[in-house]
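Visitor: Got a sequence here, can you model it:
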Amino acid sequence: MNKKEFLDKLKSELIKRKVAGLDEIMADYEEHFSHALSSGKSETEASEKLGNPVVIARAYETDTLIQNVKNPEKGFEFKLALSVIFRLLLLAPVNFLIILIPGVVAASLLVAGWATAIALGSVGFAILSFLPVVASLSLNFWTWIAGIFTSLGVVGLAVIGLLIMFQITKLSILALINYLRWNLRFVLDK
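Guide: All right, here's what the predicted structure looks like:
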């Protein structure tokens, strides 16, 4: 593929994917060709070294999606974040192998944290639902009061645990996206 074919294909793919900063990207790839040609390489060699224009456009599209995920004005969307992670893993399959084991460990810890918080909430509501039985068995007023406050305390711990797990999950996903984005930038800046 010669320079014109490469740049035309890249531009059409970038436009199709609505990637921001089209002029800057095109100028960067013009410069890549200029450097390659000045070092004695042919246009075909330069285009082969740069890679497939469709993959490059997908990478820039993913970068735009990452910016949307990290935009504080829009708020955090788990669905968008997960789709970005999936795209990044497809763009750089080596990342999948590198983060597989740490990812499984981190995901297991997240699942355990969510399960613990949900279990605490379930226990709190179970104690609360069991209170009428306790009240019918015991005439002691303080047993009833202790049961109410115990169940409310356990439910409160569950709510705190759920809030903490939400933040930990959000930060974990953002950290993974940052790592994968770094890899994407590394590939795009080659």
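
Visitor: what's near enough to touch E77?
Guide: Taking CB atoms under 8 Å, 6 or more residues apart in numbering as the criterion, E77 is in contact with V69. Any C-beta I mention is one placed from the backbone N, CA and C, and that applies to glycine too.

Visitor: do that again at 10 Å, thanks
Guide: N68, V69, N71, S83, V84 (CB atoms under 10 Å, 6 or more residues apart in numbering).

Visitor: Of all those residues, the one with the weakest confidence?
Guide: Lowest in pLDDT among these is N71, which has 71.

Visitor: what secondary structure does that residue sit in?
Guide: When classified by DSSP: H, G, I helix; E, B strand; the rest coil, N71 comes out as coil.

Visitor: Give me the distance between Q67 and Y60.
Guide: 11 Å (CB to CB, to the nearest Å).

Visitor: in stretch 158-167, what counts as buried?
Guide: A158, G161, L162, M165 (16 or more other CB atoms under 10 Å).

Visitor: In the contacts of E77, find the pair that's most separated.
Guide: N71 and S83 (15.1 Å; CB to CB).

Visitor: Who has more neighbours out of the two?
Guide: S83 (14 against 11; other CB atoms under 10 Å).

Visitor: excluding its backbone neighbours, what's nearest that one?
Guide: Computed as CB to CB, 6 or more residues apart in numbering, the closest residue to S83 that is not its neighbour in sequence is L65, at 7.3 Å.

Visitor: For the one you found, give me its contacts.
Guide: Counting by CB under 10 Å, 6+ apart, L65 has contacts R17, L80, A81, S83, V84, R87, L88, I177.

Visitor: what's the answer for I118, then?
Guide: Taking CB under 10 Å, 6+ apart, we find I118 in contact with A158, G161, L162, M165.

Visitor: in which helix or strand would I find it?
Guide: For I118, the host element (DSSP states H and E) is helix 93-137.

Visitor: next helix or strand past that helix?
Guide: helix 141-188.

Visitor: nearest to S151, of the contacts of E77?
Guide: Closest approach to S151 among the contacts of E77 (CB to CB): V69, at 38.4 Å.

Visitor: Now do the contacts for that closest one.
Guide: With CB under 10 Å, 6+ apart, V69 has these contacts: 76-78, 80-85, 173-174, 177, 181.
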